[in-house]
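**Student:** take a look and give me a structure for this.
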Amino acid sequence: MGHTVRMKLTHYKDIAQWDGELSNSCTCSNYNETTGEWNQTDVCLGDCWDDQLEIFGESVKEFFDGNELKEWQVDGLPLWGRTVSGKFYAKKIADFVQGITVRGEWHLFYKLDGDSLRVRLSHHDVPTGGVFTVRYAEVGEE
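**Tutor:** Reported below is the predicted structural model:
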């Protein structure tokens with residue numbers, strides 16, 4: 001009897017407007033063929049984070065690879081009861097994710113929107129989520 005592992009993430013009722021989701025607190029589940037149900041497990045076959053990061057990287061590959069300078073502009077990141085904007089540098093997708101998230105637990109939805117990435121990020125300071133935009137930073141932009 002084989003077991004299948006899948007990532008189980010929180011879903012919001014407006015999930016249809018997003019291309020995908022990513023979380024640093026994912027849980028792993030396995031499918032019980034006898035009961036026909038998914039059950040949470042402490043053991044993941046493979047690494048849940050690496051799997052999510054790979055899926056995210058494939059989803060935004062064209063957008064990410066299109067920025068030759070790898071300099072990114074964030075507009076409206078929700079932090080501590082306010083929003084912030086700024087630039088960061090990321091050559092690898094893991095560094096890109098670090099640049100658009102916070103230290104601590106977080107969950108995000110994302111959607112490619114023309115020449116930008118729209119993100120809805122939830123974390124301890126913004127549990128219901130806040131939407132912001134990531135785009136290529138322009139040369140000389142501060």
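
**Student:** show me where this protein has its helices.
**Tutor:** With helices called from DSSP state H, the chain shows them at 48-59, 61-65, 93-99.

**Student:** buried set for the shortest one?
**Tutor:** Residues of helix 61-65 classed as buried by neighbour count (16 or more other C-beta atoms under 10 Å): Phe63, Phe64. Bear in mind the C-beta positions are built from the backbone N, C-alpha and C, glycine included.

**Student:** if we can go back for a sec, closest one to Gln73 among the helices of the chain?
**Tutor:** helix 93-99 (10.4 Å; C-beta to C-beta).

**Student:** can you get me a residue count around Leu77?
**Tutor:** 22 (other C-beta atoms under 10 Å).

**Student:** could I get the contacting residues of it?
**Tutor:** By C-beta atoms under 8 Å, 6 or more residues apart in numbering, Leu77 lies in contact with Thr83, Val84, Ser85, Gly86, Ile100, Leu121, Gly130, Phe132.

**Student:** 6 Å - rerun?
**Tutor:** Leu77 makes contact with Val84, Phe132, according to C-beta atoms under 6 Å, 6 or more residues apart in numbering.

**Student:** what pairs with it across the strands?
**Tutor:** Beta-bridge pairing of Leu77 under DSSP bridges involves Val84.

**Student:** how far away is Lys91 from Val139?
**Tutor:** Distance, Lys91 to Val139, by C-beta to C-beta, to the nearest Å: 17 Å.

**Student:** so for the two, which residue has more residues nearby?
**Tutor:** Applying other C-beta under 10 Å to Lys91 and Val139 shows that Lys91 carries more neighbours, namely 11 against 7.

**Student:** may I ask you to confirm that the more buried one is in contact with Lys70?
**Tutor:** Yes - contact criterion C-beta atoms under 6 Å: Lys91 and Lys70 qualify, at 4.8 Å.

**Student:** so which residue is smack in the middle of the protein?
**Tutor:** Using C-alpha atoms, centre = their mean, the residue of the chain that lies closest to the mean C-alpha position is Leu22, 3.3 Å off.
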